[in-house]
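1. from the sequence below, what's the structure:
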Amino acid sequence: MPKRFSVRAYEGVFYRLRKALYNGKPDRAYEFCYQDNGVKRWVLVGRTSMGVTAKAAYEARLEKLKERQHGLTFSEALDYLQEIDPNERTIYKRSLFARLHKTLGPLPIQGIKASHLDILKTELAGYSRNSQKFHYGLAKRAIKAVSKDGLYHGQDPFQVYDLKATGLDVRCYRFLTLDEANLLLKALSIQNPMWRDMAYLSLKTGIRLTELYNLKGSDLQPDGNAIIKSKSGEREVLYLPSDCSDLIRSLGPGYLFISGRRTYKQFYRVVAKLGLNDHSQGKADRVWFHTLRHTFASWLVQSGVDIYRVQKYMRHKSVTMTERYAHLNKDLLIQGLKLIQDWNLERPEPQPQRPF
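-> This next block holds a predicted model:
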């Protein structure tokens, strides 16, 4: 089949050169493409010998998009965003996409009303404020993507109805003691050695579960650290102790760990068997895999590592995110006061009180 050539002046318009000649030149067959539920569709408009021009093909494409925009569903917008942006395909975002698909997916974007968004609010009521922001931000990016590429020209319901996150600012404050961590690693060694290695890496580096699923042996750098794909899709430096570098190197160059709900349940079975959640007072006090990341940060602060180095190890965008662990170094603050007390400064003589 002849090769397609794009017409730069008209977005989405292409042509093929035919063997037949027209006015002494190869006849051109014009066609255009558009996205249909995440699938690229091609439509043949006609040939130059039939009076078809690139401009006519472009206008035909606009008409096609205009027909479809009224019926473009929210699911199609989500699928389109995943197709054009690799950063939206991370494991972390799959659950976000799934919830949005389930709640609003079948609805045409123009048909989304305040009542539909109220249903979404109810679905996300039990989630933290940040989690709700992630869901709403993903929805807005999807609509922005189809609007930018001409697949949708209507209003953004998330902007019109000013949907805001109202969830509680739930922060996990539970972290493991050294004895609890060793018990967990020992139990995981018996249940599933893969989860033992994952837990060990998280306790020693603070790496997230979604980042572990994306981790490859080839991410290891000559300096012993690793360049990994974060939950936002960016490439970041993961600082590794030498034993963690050796562990990653021993597991091979490809993907190191297998993801899946079925294997994840094995971690929770071990946590339940050890009774780590028997006396929890709520979600923030429960032990889940992310607790290991909090444990890593908490141990660093308790060991006297300053908050700015903890920020680099945790790969937080802002030190404000790291300051939640500052309360753990009260003993260090008291020690600092003792040092200040020992400073040999000459004490000034008291002055007579000044009249006002």
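
2. any low-confidence regions in the protein?
-> Filtered on pLDDT under 70, the chain yields the residue ranges 36-38, 67-70, 91-92, 167-172, 260-262, 282-284, 326-341, 343-356.

3. show me which parts of the one helix or strand residue 131 maps to are buried, residue by residue.
-> Residue 131 is part of helix 129-148 when elements are defined by DSSP states H and E. By 16 or more other Cβ atoms under 10 Å, the buried positions in helix 129-148 come out as 131-132, 134-136, 138-139, 142-147. C-beta here means a position set from N, CA and C on the backbone, and glycine is covered the same way.

4. just those now: which is nearest residue 83?
-> Nearest to residue 83, judged by Cβ to Cβ, of these is residue 145 at 9.2 Å.

5. do you know how far that closest one is from residue 110?
-> 16 Å (Cβ to Cβ, to the nearest Å).

6. quick one: contacts of stretch 264-280?
-> 174, 176, 180, 183-184, 187-188, 191-192, 195, 199, 286-289 (Cβ atoms under 8 Å, 6 or more residues apart in numbering).

7. among these, which ones are buried?
-> Counted by 16+ other Cβ under 10 Å, the contacts of stretch 264-280 give 174, 176, 183-184, 187-188, 192, 195, 199, 287-289 as buried.

8. these: which two are farthest apart?
-> 174 and 192 (22.4 Å).

9. let me know the helix or strand that residue 28 is in.
-> strand 25-36.

10. list the helices and strands the helix or strand just after that strand packs on?
-> Sequence-wise, the next helix or strand downstream of strand 25-36 (DSSP H and E) is strand 39-47. On a contact count with 3 or more Cβ pairs under 8 Å, 6 or more residues apart in numbering; DSSP states H and E, strand 39-47 meets strand 25-36, helix 54-69.

11. got the contact list for strand 39-47?
-> 18, 22, 27-35, 52, 56-57, 60-61, 64.

12. cutoff 10 Å now
-> Around strand 39-47, the neighbours that count as contacts under Cβ atoms under 10 Å, 6 or more residues apart in numbering are 4, 12-16, 18, 20, 22, 27-35, 52-54, 56-61, 64, 68, 76, 79-80, 83.

13. same deal with stretch 156-169?
-> 74, 104, 107, 109-118, 120-121, 124-137, 139-140, 142-144, 147, 154-155, 283-284.

14. and the protein, what are its domains?
-> The chain breaks down into these domains under automatic domain parsing: 4-69, 74-160, 178-331.

15. quote the end-to-end distance of the second one.
-> Right, domain 74-160. 16 Å (Cα to Cα, to the nearest Å).

16. how far out from the middle of the chain is that domain?
-> Relative to its parent chain, domain 74-160 has a centroid offset of 14 Å by Cα atoms, centre = their mean, to the nearest Å.

17. what do you get for the longest one?
-> Remark: domain 178-331 is offset 17 Å from the chain centroid, using Cα atoms, centre = their mean.

18. same check on the shortest one?
-> When distances are taken as Cα atoms, centre = their mean, domain 4-69 is centred 37 Å away from the chain's centroid.

19. can you pull the contacts of residue 225?
-> 205, 219, 237-241, 244-245.

20. which one of those residues is nearest residue 297?
-> residue 205 (10.9 Å).

21. mind listing residues that contact stretch 71-80?
-> Stretch 71-80 is contacted from outside by 35-39, 65, 68, 88, 96-98, 100-112, 116, 138-139, 141-147, 149, 151-154, 157, using Cβ under 10 Å, 6+ apart.

22. go on, stretch 98-105?
-> Outside of stretch 98-105, the residues within contact range by Cβ under 10 Å, 6+ apart are 73-79, 97, 111-112, 116-117, 119-124, 127, 131, 135-136, 138-139, 142, 157-158.

23. buried among these? Make that a ChimeraX selection.
-> The ChimeraX command for the buried members of these (criterion: 16+ other Cβ under 10 Å) is given here:
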select :73,74,75,76,77,78,79,97,112,116,117,120,121,124,127,131,135,136,138,139,142,157,158
